[in-house]
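[1] Let's see this in three dimensions:
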Amino acid sequence: MSGDLREGRIVIVGASLAGLRAAETLREEGFTGSLTVVGDEPHPPYDRPPLSKQVLLGTAAADTTGLPMRRDPDAQWRLGVRATGLDPLGKRVLLADGDPLPYDRLLIATGTRARPWPHADQAALDGVLTLRTREDAAILADRLASGPRRVLVIGAGFTGSEIASACRERGIEVTVAERGPGPLVGALGGTLAKLAAGMQRAHGVDLRCGVTVFALHGKNGRFRGADLSDGSHIDADLCVVALGAVRNIEWLADAGLAAGPHGVACDAGCRAVDMYGIVTDDIFVAGDIARFPHPLFEYQMLSLEHWGNAVAQAEVAAHNMVCPGPLRRPHLAVPVFWSTQFGYNIKSVGVPVFSDQVVIAQGSLAERRLVAVYGYQGRVTAAVTVNMAKWLEHYQGLIETAAPFPPGPGAADGRPLVTDFPIPSDVPDATGLSHGPTVALTGHLPDRRLTVVRSAD
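    Okay, the predicted model is just below:
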């Protein structure tokens, strides 16, 4: 390869939203070399948010969720082939079809997969499903259209809650089982979990919190019900396991990178970090699989499962892959995510789990129309809106400038704060939940630690 970073061979592993946006950005940034995108699914990149919304409601088909291309990235697409290993010394990606793929620079964008039910024999029952891929959504939509008597959803995170919402909108009885104290509590804390629980029950969801699903039962190979830790039994025709996501890192087991359950560690410029803590110059990371530091949150490593983050990080990674050091830029975007469920629009900016207090700044819990502002040690760190999204940009500015918490009276609309004083944000330990948070603070150390053993001689 010549010294010009706009030439050479770039390989992107992950035909995902992040992979597509990175490929487009590479060309926009002037990259003229060979570009290959590898994906284990047979489809070009597609949009995942509609899978738990429009597709389940029957208003869109799963095969219509393909992502539009902003421009032709002039890439070789290796779809339906899985990456099985990485040789960083030989600069090769190993593929399941036995064809090693050489690179000069590599972008890892392999994202996540649905966490399966832990008991393989129970997970194999007909009617026990997960929701992550286009195929998953098509199968689940067909099952819902057939009119099941009752659906059991295990896990009350955003995916589980959106599935429950789709069931109720279709007129299907649904039970949601959550080990934690409430739905969405892992992402929004205890105060808004109470609001989410009220929303679900008001729409007829049989919400069971503080319980664990002990076992799934079937008859003649078909799912028929489940036993719960409180001694109750749920009869249902369909079970959707919504236990969160697993990062797709297994193919990197022998690559020497700082890769673990929270993803692949990288610096703020999206350069991967190896197990010794050394930043690489030719391997980059973007999207759900990335674990990166953020200065607004004490430089703790963040793992995000957000559409907007995948786009922003992919663009930064692509820019830095073709630019010399002085021209590289950091990925400092403030996390933003959204959900629609039970007729409500929930949007968030910042990191709600990075908080010790919360205050209702506008609206009210009773009206289910509000802005909740989160703070940590006296500064604003997040805001969540329910049917009041127009204020989100204002609170994003407070987060970015480390504004004092609680925000002053009239900070947004000239009116006093709704609550007179903050209350604890009540963010639980994620290990006690059925669902995982979509924004996770993961400390400062890599997941994979190296132990150095020295001889006594």
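
[2] Spatially central residue in this structure, please.
    Centroid-nearest residue in the chain: E305, 1.7 Å away (criterion: Cα atoms, centre = their mean).

[3] Pretty sure that one sits against T112.
    Yes - counting by Cβ atoms under 8 Å, E305 touches T112, with 6.5 Å between them. C-beta coordinates here come from the backbone N, C-alpha and C atoms, glycine included.

[4] Identify the contacts common to those two.
    Shared contacts of E305 and T112 (Cβ atoms under 8 Å, 6 or more residues apart in numbering): A245, D288.

[5] Let me see the contact set for the residue nearest to the centre of the chain.
    E305 makes contact with T112, A245, D288, T438, V439, according to Cβ under 8 Å, 6+ apart.

[6] Now render those residues as TSV, adding secondary structure.
    Supplementary listing: the contacts of E305 in TSV, determined by DSSP: H, G, I helix; E, B strand; the rest coil:
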residue	secondary structure
T112	strand
A245	strand
D288	helix
T438	coil
V439	strand
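
[7] Mind giving me the PyMOL select for the residues you listed, buried ones only?
    Of the contacts of E305, the buried ones can be selected in PyMOL as follows, counting by 16 or more other Cβ atoms under 10 Å:
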select buried, resi 112+245+288+438+439
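
[8] Now do the host helix or strand of Y374: everything it contacts.
    Using DSSP states H and E, Y374 falls within strand 369-376. Applying Cβ under 8 Å, 6+ apart, the external contacts of strand 369-376 come out as 188-189, 191-192, 195, 350, 352, 354-364, 380-388, 391, 395, 398, 405-407, 412, 418, 422, 425.

[9] quick one: it to chain centroid distance?
    Here the centre of strand 369-376 is set off from its chain's centre by 21 Å, with Cα atoms, centre = their mean, to the nearest Å.

[10] buried sites along that strand?
    L370, V371, A372, V373, Y374, G375, Y376.

[11] Could you export those residues as CSV, including distance to F292?
    Formatted as CSV, the buried residues of strand 369-376 follow (distance: Cβ to Cβ, whole Å):
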residue, distance to F292
L370, 31
V371, 28
A372, 26
V373, 25
Y374, 21
G375, 23
Y376, 19
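
[12] Would you point out the most distant pair within the residues you listed?
    Greatest spacing in those, by Cβ to Cβ: L370 and Y376 (20.0 Å).

[13] If we ignore the residues flanking it in sequence, what's nearest L365?
    Of all residues beyond its chain neighbours, the one nearest L365 is L195 (5.4 Å), with distances taken as Cβ to Cβ, 6 or more residues apart in numbering.

[14] Listing request: residues of the stretch 351-457 of the chain with sub-threshold pLDDT.
    For the stretch 351-457 of the chain, the stretches flagged by pLDDT under 70 are 409-420, 447-457.

[15] show me where the stretch 301-450 of the chain has helices.
    Here the stretch 301-450 of the chain has its helices, by DSSP state H, counting those that start in this stretch, at 307-321, 392-400.

[16] most neighbours per residue, which of these?
    A comparison of these by mean neighbour count, using mean count of other Cβ atoms under 10 Å, puts helix 307-321 on top with a mean of 24.

[17] Check which helices and strands that helix sits against.
    Contact partners of helix 307-321 among helices and strands, from 3 or more Cβ pairs under 8 Å, 6 or more residues apart in numbering; DSSP states H and E: helix 17-28, strand 105-108, strand 279-285, strand 336-341.

[18] what's that helix in contact with?
    Contacts for helix 307-321 (Cβ under 8 Å, 6+ apart): 5, 10, 16-23, 25-26, 29, 31, 48-49, 105, 107, 109, 269-271, 284-288, 290, 292, 328-331, 333, 335-337.

[19] ok, of those, which come out buried?
    Among those, those buried by neighbour count (16+ other Cβ under 10 Å) are 5, 10, 16-23, 25-26, 29, 31, 48-49, 105, 107, 109, 269-271, 284-288, 290, 292, 328, 331, 333, 335-337.

[20] wait, what's in contact with L101?
    Counting by Cβ under 8 Å, 6+ apart, L101 has contacts V11, T36, V38, R78, R92, V93, L94, L95.

[21] one step back: wait, which of the helices and strands packed on helix 307-321 is closest to V264?
    Nearest of the helices and strands packed on helix 307-321 (Cβ to Cβ): strand 279-285, 4.8 Å.

[22] What helices and strands are in contact with the closest one?
    Counting contacts by 3+ Cβ pairs under 8 Å, 6+ apart, strand 279-285 packs against strand 105-108, strand 271-273, helix 307-321.

[23] Now render the ones you listed as JSON lines, adding distance to V264.
    As requested, the helices and strands packed on strand 279-285 are exported to JSON lines (distance: least, Cβ to Cβ, whole Å):
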{"stretch": "strand 105-108", "distance to V264": "6"}
{"stretch": "strand 271-273", "distance to V264": "6"}
{"stretch": "helix 307-321", "distance to V264": "12"}
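
[24] do you know which of those lies nearest V174?
    Among the helices and strands packed on strand 279-285, helix 307-321 comes nearest to V174, with 25.3 Å by Cβ to Cβ.

[25] Just the C-alphas of the closest one, formatted as PDB.
    The C-alpha trace of helix 307-321 is given here as PDB (Å, rounded to 0.1, in the frame of the first residue of the first chain):
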ATOM      1  CA  TRP A 307     -29.500   3.800  15.600                       C
ATOM      2  CA  GLY A 308     -28.100   7.400  15.800                       C
ATOM      3  CA  ASN A 309     -24.900   6.300  17.500                       C
ATOM      4  CA  ALA A 310     -24.300   3.700  14.800                       C
ATOM      5  CA  VAL A 311     -24.500   6.300  12.100                       C
ATOM      6  CA  ALA A 312     -22.400   9.000  13.900                       C
ATOM      7  CA  GLN A 313     -19.700   6.500  15.000                       C
ATOM      8  CA  ALA A 314     -19.500   4.900  11.500                       C
ATOM      9  CA  GLU A 315     -19.000   8.300  10.000                       C
ATOM     10  CA  VAL A 316     -16.200   9.200  12.500                       C
ATOM     11  CA  ALA A 317     -14.500   5.800  12.000                       C
ATOM     12  CA  ALA A 318     -14.600   6.100   8.200                       C
ATOM     13  CA  HIS A 319     -13.200   9.700   8.300                       C
ATOM     14  CA  ASN A 320     -10.300   8.600  10.600                       C
ATOM     15  CA  MET A 321      -9.500   5.600   8.400                       C
END
